[in-house]
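Asks: Curious how this folds, go ahead:
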Amino acid sequence: MHKRRSTRRTVSAVLASGLALTMAAACGPGATDSSGAAQATADKRDTQQLAVEAAKEGQVVWYTTFADTDVAPIIASFNKAYPKIKVNALRLSADKIPPRVITEQRGGKYNADVVSGDSPQIAQLLQAGALQPYHPVDAAPLPAGLTLPDGYQGVVYAVTTVLSWNPQVLKQKNLTAPTSWEDLTKPQWRGQFSIDPGAVNWYDSLITAMGHDKALALLKGLGDNAPVFVESHTQALTNVQAGEPLAAATAYGYKASSLKEKTPNTLDYVNGTPLPASLNLIDVVKNSPHPNAARLFDDWMVSKAGQQEIADVTNHTSVRPDVTNDPNVWDEKKWPAAWGHPNLSQTDYNNYLSEMKSALKAP
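Replies: Below is the predicted model:
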């Protein structure tokens with residue numbers, strides 16, 4: 001846990017300096033042409049032209065927060081459409097993407113072509129000037145009420161945060177399944193649940209749903225009930241399946257639904273009303289070394305075809321109305337979304353993270 005805290009302090013320091021930087025254009029290893037002219041030319045090409053030029057570049061470098069088990073299937077799906085482009089993926093946790101990209105660019109290295117991740121971290125890159133605008137073809141509009149700067153509106157998926165638990169262990173302990181996060185503040189749940197003290201997207205959504213003071217009070221109640229701290233949403237669910245601990249307060253809905261289908265005796269979950277939700281975004285990185293491949297990959301990821309592949313392969317939720325999603329994860333008529341801010345300011349992010357750690361009594 002101390003390692004996580006140190007990493008996030010480094011994030012703030014790197015971002016602060018990144019905001020003040022004027023980053024010089026340079027090519028990363030294996031780059032073709034990252035000049036401003038090359039980027040501008042790529043912007044003007046249609047999908048067919050991009051595919052031709054991207055095949056000449058031969059590769060695209062993708063920094064992503066997709067789960068390890070999801071990366072290879074997504075690449076395979078992309079390569080069904082574009083077999084001549086090798087996708088070099090680097091999987092990082094959300095809080096490590098901003099310092100990685102900004103530190104590379106400060107050193108004059110432009111290694112990444114595209115980056116996809118949770119909106120709070122992509123917002124940090126946007127505010128640091130580490131991205132460049134692009135308007136992917138066939139992109140869906142943002143969900144109602146949400147805004148992002150022009151050219152930075154590519155949505156990979158929506159992620160929801162749910163409560164999950166182990167039904168077998170729940171029965172053994174004669175407990176009733178929780179129906180809200182408030183339930184986990186009750187004495188019988190003391191020490192029986194995990195929580196991610198860095199889940200800023202969830203806290204931001206709670207503030208949207210109930211207001212800042214009530215959201216903070218809820219976190220303090222959870223913190224007073226001896227939660228187990230976790231860093232990975234996937235690992236949190238694996239722990240629940242093992243019954244150690246019994247429940248998870250910050251599980252992701254798409255993964256909970258998939259695991260429930262496979263192991264219904266050891267995992268169940270409930271969607272909140274309203275349902276905390278946030279966006280996972282994709283953007284072209286400033287001075288991308290493979291500008292045509294970067295834009296083609298961005299185009300495919302947000303297109304109807306790409307989105308349906310992502311939904312089918314990973315069970316993630318598309319914001320496109322023409323894509324079929326898991327109805328147990330996403331149905332706004334049943335569970336209205338409480339959206340986190342997709343372009344959260346660095347100040348708000350740092351304040352929310354600090355409030356979370358303090359309220360939850362996290363190290």
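
Asks: need the strands for the stretch 1-150 of the chain, in chain order.
Replies: In the stretch 1-150 of the chain, the strands defined using DSSP state E, counting those that start in this stretch lie at 59-64, 86-91, 114-118, 131-132.

Asks: Please identify the most buried of these.
Replies: The highest mean neighbour count among these, using mean count of other Cβ atoms under 10 Å, belongs to strand 114-118: a mean of 26. The C-beta positions use only the backbone N, C-alpha and C, and glycine is treated the same way.

Asks: Remind me what it packs against, helices and strands.
Replies: Counting contacts by 3 or more Cβ pairs under 8 Å, 6 or more residues apart in numbering; DSSP states H and E, strand 114-118 is packed against strand 59-64, helix 97-106, helix 119-127, strand 275-285, helix 291-302.

Asks: Local confidence estimate at the nearest residue to D299 once chain neighbours are set aside?
Replies: The shortest distance from D299 to any non-neighbouring residue, by Cβ to Cβ, 6 or more residues apart in numbering, is to P136 (4.7 Å). Predicted confidence (pLDDT) for P136: 94.

Asks: Closest to the centroid, which residue in the chain?
Replies: D118 (2.7 Å; Cα atoms, centre = their mean).

Asks: Who does that residue form a beta bridge with?
Replies: For D118, the beta-bridge assignment (DSSP bridges) gives partners N280.

Asks: I'd say it and L92 touch.
Replies: No. Counting by Cβ atoms under 8 Å, D118 sits too far from L92 to count as a contact (11.2 Å).

Asks: Find residues that contact each of those two.
Replies: Any residue near both D118 and L92 by Cβ atoms under 8 Å, 6 or more residues apart in numbering counts here, and that gives T65.

Asks: quick one: N201 from L279, how far?
Replies: From N201 over to L279 the distance is 9 Å, taken as Cβ to Cβ, to the nearest Å.

Asks: now P143
Replies: Noted for P143: a distance of 8 Å to L279, by Cβ to Cβ.

Asks: Next: N287.
Replies: 25 Å.

Asks: Please enumerate the helices of the stretch 201-350 of the chain.
Replies: In the stretch 201-350 of the chain, the helices defined using DSSP state H, counting those that start in this stretch lie at 212-223, 233-242, 253-262, 291-302, 304-314, 346-360.

Asks: Compare the ones you listed and give me the one nearest K80.
Replies: Closest approach to K80 among those (Cβ to Cβ): helix 304-314, 8.4 Å.

Asks: related to what we said a few turns ago, which residues do N201 and L279 both contact?
Replies: Common neighbours of N201 and L279 are listed as 118-119, 159, 340 (criterion: Cβ under 8 Å, 6+ apart).

Asks: mind putting the residues you listed in TSV, distance to A209 included?
Replies: Below are those laid out as TSV (distance: Cβ to Cβ, whole Å):
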residue	distance to A209
D118	18
S119	17
V159	16
G340	10
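
Asks: And the buried ones among those residues, selectable in PyMOL?
Replies: This is the PyMOL syntax for the buried subset of those, where burial follows 16 or more other Cβ atoms under 10 Å:
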select buried, resi 118+119+159+340
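
Asks: out of the shared contacts of N201 and L279, who's nearest G211?
Replies: Taking Cβ to Cβ as the measure, G211 sits nearest to G340 out of the shared contacts of N201 and L279, at 14.2 Å.
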